[in-house]
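what would the 3D arrangement of this be:
(3 chains)
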Amino acid sequence: MRNLPLLFLFSFLFVACSPAAEPVTEADTATKTSPRIVSLSGTLTELLFALGQGDALVGVDVTSTYPAATAELPKLGHVSKLNVEALLGLQPDLIFVDAAVTNNPALKTLADAGVRVVYVPLRPTLDNAVQATATLAGHLDLPEASIATVKANLQRDSLALAAALQGANTRPRVLFLYARGAGQVLVAGTGTEAEAIIQLAGGTNAIQSFADFKPLTPEAFVEAAPDVILMFSSGLASLDGPAGLANIPGIAQTPAFQRKRIVAMDGQYLLGFGPRAAQAAAELAGQLHLPDPQ
Amino acid sequence: MRSFSAVFFALIALLSLTLLGGVFVGAYELAPAELWLALTGQSTDLQQFLVWQVRIPRLLLALLVGAALATTGAATQGLFRNPLAEPTLIGVTSGAMLFAAAAMVLSFRFLAAAPAWLQQGAVSVAAFCGALVTTGLVYRLASGRGRVNVATMLLAGIAIAALTSAGTGLLIYQSSEQQLRDLTFWTLGSLGGARWGQVLGAGPIILAGVYFLHRDALALNAFLLGEREAAQLGFRVQRVKRRVIIWTALVVGTCISLTGIIGFVGLVIPHLLRIWQGTDYRRLLLFSALLGGSFLLVADTLARTIVAPAELPIGILTALVGAPFFLWLLLRERGKNALL
Amino acid sequence: MMRAKGLSLHLGGRAILDQVSCTVRPGQVTVVMGQNGAGKSTLLQCLAGSVGADAGAVEVDGQCLAALPPEELAAKRAVLAQSVHLSFPLTVAEVIEMGCYARYQQWTARQRTARIDHYLTLLDLQPFRDRSFPTLSGGEQKRVLLAKCLLQLDADPAAPSGNRYLLLDEPTAALDIGQQFRFIDLATSLARKRGLGVFAVLHDLNLAARFADEIIFLRDGRVLASGPTHAILTRTTIRDTFDVDCLIQEHPHYAGPLITTLPYERPYFAPA
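Residues are numbered from 1 along each chain as shown, chains lettered A, B, ... in the order given. Model (predicted):
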């Protein structure tokens, strides 16, 4: 602690005299080489790949599951539980993290180590991808044109979404189930990302009485009377498929279960609000507004 | 039974060895030569920062917290004359947990306008206050007519723990996904946030605590015969009890506020030493501090390396290493010595 | 001289002690006897300063016991507890060493070891020195605790601090018949040799007859009778205290009485 100024002085002299530039200073002086990037959000990782920066990524968090190339990257665990040393070992120039993450001591230490930690605001809206991409591009000194692809894809998918909603004259009641085995089932209330995607896809959240995620009593399931039950594929798998849903008291009595209207989608795809947000919404809209077999 | 100084120096050697090992090992691989350059300030900024600002403070915090948990564990076991006693029993942990959960879940409502440093430290400060407030409450409940009844204190501690965990449960119910995850990780403990500021803040409290608990070693020995016998041997038992409880709450509160809940150290280390070196508190407290420091240092070194670049919660490791070892000791000693 | 004056203690509306006065003299053995719940152990704890009475006071050599600081009191009286359960095992030497905790700083480590060794030898405990206390037999444990008490009352050669007292709370509990006799013999003879005043709670009339200088008979918290052993140990006091009849004969081997209790009111032996 005491010799910190001395250390800095030493290293300054060392860097100044040495022709071999160090990785930390490299990014500041030489902008041509692409910076080393760590992404601590699945959505940001997706956006960085969409920006063509996938090769610059040197590490991602546990929620970064798309595209498949993320599997090759070092996994840094959950953002609440970062290994500062390992992160420094990756020698990143930039760390992108969801702005909702606050008071994270590890990120503070990394910032003190001279790594640029960028908090990117993420919102559950269709154009979130465009805004977030613009933010990322700004920090990476990428030209305006680089976000054009993201924009174009989003517009194309938005048209598909509009088409899917064209003939829809009802707003089905959708219950989002967050399951981790039959013992741990929570449902999405108001103000959640799940509600946002349900509304975008032309449905209404079957739960209006509380915010955030809460466990539900069997009676409340029946009272919510959902037309469709929406889940993560992983959540449905944790219940051993649609048949396992019946083991949760109350579910079997809902219209959704009785008409076999259970929709399961990949978590990051459905609730990431990344470049595929409109595509996901369109797919969900298609599922919500199926012509009733009866 | 080996002589005091032989064991003392063996434990010091073990501590130095683990400390040295801890400096060498890490998710960021440094060759010995590079490490030397970084230690002496002739390396890159990054490597120097890594060694001086990340690795070394973390090692020291592990050492301090391990020493603190093991020493207070030994002292509470003596005070309560109960081999299963832990600072948990006087309400330290449950109170810290409740207040920390409150800080995590409610801070975004009440501290949104507060300065950043206050938000940052809110959980630590809350956990520390929680530890002291709850212990104070348990202590008040167990005192009457100038005496503290340790049996009542044990029961009051259990009741208050139940009450606070109900409060914590309510907060968990109120919490968002992110807060719940933070809270879960907090209960598993981590030294990931270690910085010099914490080492320098916690160091004096923990060292003072270990020193003052050690000063009551004779009284704690006498307590093994019972409170009345301790008084008849010339100890002012009420003051001893008060001192031990206050220092335990201060020291454990400090640890929990910085690292979350790290279990098993306070239980395993003193028992291991009892079996190896006997119960005499003059040795037990000091040796607990040394061995506890080494133990947590090793556990934390594992926590930050075995799943690198990710990190394992240290509470998982201390239980994973500690519980089977503890059971093995128990089974091994069962035949030899019926009374543990 | 240790003297209790008019001690009274009420707990839960019941009188545990009622106007009890008694005296313990240096170099002498005072034994208290009575039925279960008569207040014997409470009286002993009052004399030890561990239990405070509602009324009355205990004086030690003219000083008020309650006013003495615990460290000073520890050098004046030691208590041999009825039963000791160690929550964690200590060695025999460690248990004995507790006797000198009150003046731990006054002695060097070498002096402490020397004193511990002295008492280990005196009580024939040398082979058990490093044994774990809970693994000893009842009789051996009692000897260790006696050694601890004697060390606690060990006269400081530099400053002899006046009279000292040894309080024995049912010292024969949990000992077999042979051990009972040997232990009381050992404790009282060592105490007499050192000029210690002994106060003991005993249940065995013959042990009391053999070793006591004075006996106090308690019943329902009150002193029924007290006085020199030979004068007070009569059929009447025993019957009034214990509700048993007894036969008192001349002891065939010792100078003193031999008492045979007759548990029922109906006499099996016609009184001589």
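
where do the helices sit along chain C?
Per DSSP state H, chain C carries helices over the ranges C:40-48, C:70-76, C:92-97, C:109-122, C:138-152, C:177-194, C:205-211, C:229-232, C:235-242.

pick the most deeply packed of the ones you listed.
Highest mean neighbour count of the helices of chain C: helix C:92-97, a mean of 25 (counted as mean count of other Cβ atoms under 10 Å in any protein chain shown). Using the backbone N, CA and C atoms, a C-beta is placed for each residue, glycine as well.

neighbours of residue 53, just the number please.
Looking at chain A here, since you left the chain open. As a burial measure, A:Q53 scores 22 neighbours (other Cβ atoms under 10 Å in any protein chain shown).

I was after chain B.
21.

OK, contacts around it?
For B:Q53, the contact set (Cβ atoms under 8 Å, 6 or more residues apart in numbering or on different chains) comprises A:L4, A:T109, A:D112, A:A113, B:R195, B:W196.

returning to what we had before: nearest to B:A85, of the helices of chain C?
helix C:92-97 (20.6 Å; Cβ to Cβ).

alpha carbons of that closest one, as CSV, please.
Output in CSV follows, covering the C-alpha atoms of helix C:92-97 (Å, rounded to 0.1, in the frame of the first residue of the first chain):
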residue,chain,number,x,y,z
VAL,C,92,-4.7,-34.3,35.3
ALA,C,93,-1.9,-31.8,35.5
GLU,C,94,-4.0,-29.2,33.8
VAL,C,95,-6.8,-29.7,36.2
ILE,C,96,-4.5,-29.4,39.2
GLU,C,97,-2.9,-26.3,37.8
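
just the mean pLDDT for stretch B:32-51, thanks.
Stretch B:32-51 comes out with an average pLDDT of 88.

same question but for stretch C:138-149, I mixed them up
Regarding stretch C:138-149, the rounded mean pLDDT is 94.

quick check: B:Q53 vs chain C, distance?
From B:Q53 across to chain C, the span is 42 Å (Cβ to the nearest Cβ, to the nearest Å).

which residue packs closest to the residue sitting nearest the centre point of chain C, ignoring adjacent ones?
Central residue of chain C (Cα atoms, centre = their mean): C:L168, 2.0 Å from the mean position. Leaving out its chain neighbours, the residue that sits closest to C:L168 by Cβ to Cβ, 6 or more residues apart in numbering or on different chains is C:A200, at 4.0 Å.

distance of whichever residue of the stretch 101-250 of chain A sits closest to chain C from B:P309?
Proximity of the stretch 101-250 of chain A to chain C (Cβ to the nearest Cβ) peaks at A:P105, 39.2 Å away. In this view, A:P105 and B:P309 are 17 Å apart by Cβ to Cβ, to the nearest Å.

of these two, who's got more company?
Counted by other Cβ under 10 Å, A:P105 and B:P309 do not tie: B:P309 has more neighbours, with 24 against 18.

ok so the more buried one is a helix residue?
No. Looking at B:P309 with DSSP: H, G, I helix; E, B strand; the rest coil, it is coil, so not inside a helix.

okay, the residue nearest to it when sequence neighbours are not counted: pLDDT?
Nearest residue to B:P309, sequence neighbours excluded (Cβ to Cβ, 6+ apart): A:A86, at 3.4 Å. On pLDDT, A:A86 comes in at 90.

quick one, strands of the stretch 51-200 of chain A?
A:57-60, A:94-98, A:116-120, A:173-179, A:185-188 (DSSP state E, counting those that start in this stretch).

so which of the contacts of B:Q53 also contact chain C?
The subset of those within reach of chain C, by Cβ under 8 Å from any Cβ of the partner chain, is empty.

top of the residues you listed by neighbour count?
Neighbour counts for the contacts of B:Q53 peak at A:T109, which has 24 neighbours (criterion: other Cβ under 10 Å).

and that residue, how far from B:G203?
As judged by Cβ to Cβ, A:T109 and B:G203 stand 19 Å apart.

next one: A:G114
A:G114 is 27 Å from B:G203, by Cβ to Cβ.

do the same with C:A55
Distance from C:A55 to B:G203, by Cβ to Cβ: 53 Å.

one more: B:L84?
29 Å.

higher neighbour count, those two?
Counted by other Cβ under 10 Å, B:L84 and B:G203 do not tie: B:G203 has more neighbours, with 15 against 10.

so that one, which state does it fall into?
helix.

my guess is it meets B:L64, correct?
Yes. Under the criterion of Cβ atoms under 8 Å, B:G203 makes contact with B:L64 at 5.9 Å.

show me the contacts for A:D61.
Going by Cβ under 8 Å, 6+ apart, A:D61 touches A:S39, A:L40, A:S41, A:G42, A:T45, A:K75, A:L76, A:G77, A:H78, A:V79.

pLDDT score assigned to it?
94.

and it, how close does it get to chain C?
47 Å.

cool, A:T43 as well?
In terms of Cβ to the nearest Cβ, A:T43 sits 56 Å off from chain C.

now B:T71
16 Å.

can you list the residues of the stretch 51-200 of chain A near chain B?
So the stretch 51-200 of chain A meets chain B at A:59, A:62, A:74-78, A:80-91, A:100-103, A:105-106, A:108-109, A:112-114 (Cβ under 8 Å from any Cβ).

pull out the buried residues from those residues.
Buried members of these, scored by 16 or more other Cβ atoms under 10 Å in any protein chain shown, are A:59, A:74-78, A:80-91, A:101, A:103, A:105-106, A:108-109, A:113.

what separation is there between the closest residue to C:L151 other than its chain neighbours and C:L80?
Spatially, and ignoring its direct neighbours in sequence, C:L151 is nearest to C:G99 (3.2 Å; Cβ to Cβ, 6+ apart). Separation of C:G99 from C:L80 (Cβ to Cβ): 11 Å.

between those two, which contacts overlap?
Contacts common to C:G99 and C:L80, judged by Cβ under 8 Å, 6+ apart, are C:C149.

the domain parsing of chain A - what is it?
Split into domains by automatic domain parsing, chain A comes to A:21-153, A:169-288.

so what pLDDT did the closest residue to A:E283 other than its chain neighbours get?
Take A:E283 and drop its neighbours on the chain: the residue closest to it by Cβ to Cβ, 6+ apart is A:M265, 7.2 Å away. On pLDDT, A:M265 comes in at 94.

for chain A, what are the nearby residues on the stretch 51-200 of chain B?
Counting by Cβ under 8 Å from any Cβ, the stretch 51-200 of chain B sits next to chain A at B:52-55, B:108, B:119-120, B:122-123, B:173, B:176-178, B:181-182, B:185, B:190, B:192-193, B:195-196, B:200.

in ChimeraX, how would I select just the buried ones from those?
Applied in ChimeraX, the following selects the buried portion of these according to 16+ other Cβ under 10 Å:
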select /B:52,53,54,55,119,120,122,123,176,182,185,190,192,193,195,196
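
does chain A sit close to the host helix or strand of B:L331?
Using DSSP states H and E, B:L331 sits in helix B:314-336. No. Judged by Cβ under 8 Å from any Cβ, helix B:314-336 and chain A are separated, with a smallest distance of 10.6 Å.

can you tell me the average pLDDT over that helix?
Helix B:314-336 shows a mean pLDDT of 80.

same deal with stretch A:190-206?
The average pLDDT within stretch A:190-206 is 93.

can you give me the buried ones in it?
A:192-198, A:200-206.
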